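Undergrad: let's see this in three dimensions:
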Amino acid sequence: MTTAHIIMLVTIAIYLIGMVAIGVYCSKSNETVGDFYLGGRKMGPLVTAMSAEAADMSSWLLMGLPGLAYLAGIAEPAWTAIGLAIGTYVNWLVVAKRIRTYTHEVNAITLPDFFSLRYRDDKNILMAIAAVVIIVFFVPYTASGFAACGKLFSSIFAIDYHVAMIVSAVVIVAYTVTGGFLAASMTDMIQSVVMSIALIVVVMFGVNVAGGFDAVAENANSLMSYLSLTASHVAADNSSTPYGALTIASTLAWGLGYFGMPHILLRFMAIEDREKLKVSRRVATVWVCIAMTVAIIIGVVGNAVTAAGALDFLDGNTSETIIVRIADLMGNYGVLFAIMGGIILSGILSSTMSTADAQLLAASSSISENLLRKFFHVDLSAKASIKIARAAVVGIAVVAVFLARNPDSSVFRIVSFAWAGFGAAFGPVVLLALFWRRSNKQGALAGMITGGAMVFIWKFLIAPMGGLLAIYELLPAFLLALLVNIVVSLATGEPEKAVTDDYDRVMESMYGKK
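TA: The predicted structure follows:
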């Protein structure tokens with residue numbers, strides 16, 4: 001191991017110790033299970049905005065998105081980013097305030113909680129199904145984050161992949177278990193800053209190594225359809241494939257996923273003052289647009305760095321390590337650059353950790369709060385609930401570590417599938433629960449099951465048929481789930497008076513009218 005690598009490791013170690021210290025500090029604020037899962041609804045607008053987007057922008061921001069741009073050009077990553085930018089703004093604009101108000105009115109501290117309380121589902125069937133959906137999609141999602149950490153350390157420091165992955169998981173679990181939601185939110189805000197620094201430094205250094213902006217542009221223009229928004233570059237033979245209107249529409253559908261993301265919706269539910277959400281919306285939208293744009297640029301710059309001979313060509317899933325390779329390259333330029341390389345690698349860890357902690361909290365709440373206490377009616381004290389929640393975090397992490405044992409998985413593809421699962425299963429239910437007074441629990445249940453199942457069906461049975469059917473599974477699954485929810489709600493009885501009274505009370509609270 002070189003001196004530069006030792007400096008990078010020390011920088012990363014200092015960062016990780018700081019994250020655990022925040023968890024220990026925040027643990028003093030956890031007196032109830034509501035504190036553990038929602039921080040007592042005391043999050044300010046800046047922490048809410050930055051933690052929500054850091055939780056959103058997982059390792060795919062610094063690994064998946066640049067890797068895709070590096071190999072295939074800007075078409076798919078650009079349309080994905082555009083869809084996500086629109087989705088971010090609309091989610092903050094139309095969902096955030098209303099779900100914060102509604103969950104406060106009905107005293108819901110998790111998303112499955114909200115579904116059951118919104119529809120007065122006394123048997124908690126909606127809650128149980130939602131909890132299962134969260135576990136099904138979050139465990140592999142979390143595993144992809146652990147895998148990203150393992151890839152980082154094994155590719156640069158020659159540390160065994162499994163050892164690196166497990167140590168990273170232990171650190172994430174440590175501050176999540178001790179500090180709960182408050183620790184996750186505070187560390188996520190810090191991690192969003194570190195991620196931003198990492199993105200900017202990599203672009204500046206990469207452009208310099210590639211020979212300047214003109215060299216980067218010349219290289220991109222020499223690759224067929226590399227900068228096109230209507231075709232994807234094929235690196236193997238410098239050819240291209242069409243990126244048609246239907247494919248663009250399905251890629252833009254990434255934005256629909258926001259309406260069903262439990263770890264993002266939890267941030268909306270936790271803000272202290274709903275009137276400050278406007279500030280949060282502006283901060284979040286600006287940060288997301290800048291971060292995703294720079295991430296795509298890193299892929300383009302990385303390809304130019306390879307063309308300049310500074311890096312070997314990265315094929316297949318190894319392209320997702322482009323930012324890691326650039327950080328390693330920086331270590332050859334002295335101590336200061338080695339420290340900056342360590343900060344960049346900490347930024348990659350940040351993107352992974354900020355999402356993994358949010359996912360662990362959401363998944364553990366599904367087990368401890370929704371399944372054990374609410375569905376199976378296990379009587380637990382406040383302290384016992386927190387202990388069970390922490391045990392659930394550890395248990396889920398163990399399963400995720402087991403699933404992450406394969407180092408060859410694609411971070412971007414795993415994230416896209418889990419994103420589709422939540423978007424289709426929960427998105428239509430959330431929107432109709434918040435905006436349609438006539439929706440009922442039968443429609444919500446049918447829509448939730450349809451959305452979750454259709455993601456699997458389209459991904460593994462329909463899309464492989466090719467042609468017009470080979471589109472991102474979120475779009476057809478979301479639309480079908482929305483249709484089923486509406487049709488079943490209209491075909492069954494109107495919601496009981498207590499349900500519509502709750503809805504009217506929330507509308508009066510927000511607008512002073514029904």
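
Undergrad: for the stretch 101-250 of the chain, which spans come out with low pLDDT?
TA: By pLDDT under 70, the low-scoring segments of the stretch 101-250 of the chain are 175-189, 191-192, 195.

Undergrad: do that again at 50, thanks
TA: 180-181 (pLDDT under 50).

Undergrad: same question for the stretch 401-514 of the chain.
TA: Checking the stretch 401-514 of the chain against pLDDT under 50 turns up 514.

Undergrad: make it 80
TA: Along the stretch 401-514 of the chain, the model assigns pLDDT under 80 to residues 407-414, 511-514.

Undergrad: the helices in the stretch 1-150 of the chain, which residues?
TA: With helices called from DSSP state H, counting those that start in this stretch, the stretch 1-150 of the chain shows them at 3-26, 33-38, 45-56, 59, 65-72, 75-90, 97-106, 111-118, 125-157.

Undergrad: out of these, deepest packed?
TA: helix 59 (a mean of 30; mean count of other CB atoms under 10 Å). Any C-beta I mention is one placed from the backbone N, CA and C, and that applies to glycine too.

Undergrad: residue contacts, residue 239?
TA: The contact partners of residue 239, taken as CB atoms under 8 Å, 6 or more residues apart in numbering, are residue 224.

Undergrad: and the helices of the stretch 1-150 of the chain as a markdown table, adding distance to residue 260?
TA: Shown next, in a markdown table, are the helices of the stretch 1-150 of the chain (distance: least, CB to CB, whole Å):
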| stretch | distance to residue 260 |
| --- | --- |
| helix 3-26 | 27 |
| helix 33-38 | 18 |
| helix 45-56 | 12 |
| helix 59 | 20 |
| helix 65-72 | 21 |
| helix 75-90 | 11 |
| helix 97-106 | 12 |
| helix 111-118 | 9 |
| helix 125-157 | 9 |
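
Undergrad: nearest to residue 379, out of those helices?
TA: Set against residue 379 and scored by CB to CB, those come closest in helix 33-38, at 13.5 Å.

Undergrad: pLDDT on that closest one, on average?
TA: Averaging pLDDT along helix 33-38 gives 46.

Undergrad: what's stretch 443-452 in contact with?
TA: Outside stretch 443-452, the residues touching it (CB under 8 Å, 6+ apart) are 115, 119, 125-126, 129-130, 133, 136, 421, 423-429, 432-433, 477-478, 480-482, 484-490, 492.

Undergrad: just the buried residues of those residues.
TA: With burial judged by 16 or more other CB atoms under 10 Å, the buried subset of those is 115, 119, 126, 129-130, 133, 136, 421, 423-429, 432-433, 477-478, 480-482, 484-486, 488-489.

Undergrad: before we move on, the earlier item: wait, which of the helices of the stretch 1-150 of the chain is closest to residue 339?
TA: helix 3-26 (5.5 Å).

Undergrad: pLDDT at residue 261, what is it?
TA: 90.

Undergrad: just checking, residue 78 touches residue 297?
TA: No: the criterion here is CB atoms under 8 Å, and residue 78 misses it with residue 297 at 10.7 Å.

Undergrad: thinking again about what came up before, among the contacts of stretch 443-452, which are in helices?
TA: Within the contacts of stretch 443-452, residues falling in helices by DSSP state H are 115, 125-126, 129-130, 133, 136, 421, 423-429, 432-433, 477-478, 480-482, 484-490.

Undergrad: buried sites along stretch 269-280?
TA: Neighbour-count burial for stretch 269-280, counted by 16+ other CB under 10 Å, picks out 269-272, 274, 276-277, 280.
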